[in-house]
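K.L.:
need coordinates for the following:
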Amino acid sequence: MRLLFVGDVVGKPGRRILAARLADLQATHDVDFTVVNAENVAAGRGVTPSLGDEILAMGVDVLTSGNHIWAQRGIEQYLDDEPRLLRPANYPPDAPGGGVFHGRARDGHPVTVINLQGRVFMPPIECPFRALDDILDEIADPSAAILLDFHAEATSEKLGMGWHADGRVSAVVGTHTHVPTADARLLPAGTAYCTDVGMTGPYDSIIGTRPDLALHRFITGRPARFQVATANPRVACALIDIDTATGRATGIEVFLDPPGPLHAPGTADADIADRIFD
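P.N.:
Okay, here's the model as predicted:
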């Protein structure tokens, strides 16, 4: 069985490139189940009910999220109404929605998707490691494919989660930092792992934001209203192969689509340097 995971979709450029490329990715790679992180789809911050519906209608099975899940109006009711949108499971138990989804892949095999959020350099919530232990205690089928989206800032915490989950879930994929890491691998007990799959959105940017606006904030120390950049959009993907007899991963590949070098002359927003202090 093959799972497709798509890293953080950022704003309209991310939604557009996902809509343009997803069906081809699913067909080309014979995907059985698709998960997309929707943490930043609404102008870079959170997800609205209408945008959640829009992405699910593209052929996505589950949406995950992270610390920006509460940013948009109406999301709390939508979380209660739409079980395919997850918020991190380690929020307090009275939070709207849920952090675990149980479903089936195209071939009928059971799939569980878990969404957890880190605590290092992040808002303080309940322990993700203990939350994972509690969730796994409730999963009866040892052959189920289990995908964990760990939305966290610190690479050490993400690696810790990979080793903590090794042999107990099929894959741990990191999100939140928007920069793809070159460490996709199989851990010793059969869990596929990547510290961060990367961002689905404009790569001529600073993690999705217009470079001039982000630079203004870095250089001056003064606040600036960020805007999503537009140029050089890519889809950040993880393809995970899973043995349906054991639930263990047999392979993981992480890449950007369309392929090719990120340097794309002529595509960046013009005269960025001249606009830094505008």
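
K.L.:
and the strands in the stretch 51-200 of the chain?
P.N.:
Counting by DSSP state E, counting those that start in this stretch, one finds strands in the stretch 51-200 of the chain at the ranges 62-64, 100-104, 110-117, 145-151, 171-175, 185-186, 192-194.

K.L.:
which elements pack onto the last one?
P.N.:
With contacts defined as 3 or more Cβ pairs under 8 Å, 6 or more residues apart in numbering; DSSP states H and E, the packing partners of strand 192-194 are strand 171-175, strand 185-186, strand 233-242, strand 249-257. (Each C-beta comes from the backbone N, C-alpha and C, glycine too.)

K.L.:
mind doing that once more with 6 Å?
P.N.:
The contact analysis (3 or more Cβ pairs under 6 Å, 6 or more residues apart in numbering; DSSP states H and E) places strand 192-194 against strand 171-175, strand 249-257.

K.L.:
mean confidence score for it?
P.N.:
Taken as a whole, strand 192-194 has an average pLDDT of 98.

K.L.:
what's the local residue count around residue 65?
P.N.:
30 (other Cβ atoms under 10 Å).

K.L.:
residues contacting it?
P.N.:
38-39, 87 (Cβ atoms under 6 Å, 6 or more residues apart in numbering).

K.L.:
how about residues contacting the helix ranked longest in the chain?
P.N.:
Using DSSP state H to define each element, the chain has its longest helix at helix 11-28. By Cβ under 6 Å, 6+ apart, the residues outside helix 11-28 that reach it are 9, 41, 43-44, 58, 200-202, 228, 230, 233, 235, 257.

K.L.:
after that helix comes which helix or strand?
P.N.:
strand 33-37 (DSSP states H and E).

K.L.:
neighbouring strands - and their directions - for that following strand?
P.N.:
Counting by DSSP bridges, the strands paired with strand 33-37 are strand 2-6 (parallel), strand 62-64 (parallel).

K.L.:
nearest to residue 240, of the ones you listed?
P.N.:
Residue 240 sits nearest to strand 2-6 of all the strands paired with strand 33-37, at 4.5 Å, using Cβ to Cβ.

K.L.:
contacts for the closest one next, please.
P.N.:
Applying Cβ under 6 Å, 6+ apart, the set of residues contacting strand 2-6 is 31-36, 147, 173, 200, 238-241.

K.L.:
between the longest helix of the chain and strand 33-37, how many degrees?
P.N.:
160 degrees (axes from the mean of the first three to the mean of the last three Cα atoms, to 10 degrees).

K.L.:
buried set for the helix-or-strand element of the chain with minimal mean pLDDT?
P.N.:
Every helix and strand in the chain was compared by mean pLDDT, DSSP states H and E; the lowest is helix 211-220, with a mean of 92. For helix 211-220, burial by neighbour count (16 or more other Cβ atoms under 10 Å) applies to 211-216.

K.L.:
what lies in contact with stretch 76-86?
P.N.:
Contacts of stretch 76-86 (Cβ under 6 Å, 6+ apart): 49, 52, 62-64, 87, 96-97, 99, 101, 115.

K.L.:
and that stretch, end to end?
P.N.:
Counting by Cα to Cα, to the nearest Å, you get 11 Å between the two ends of stretch 76-86.
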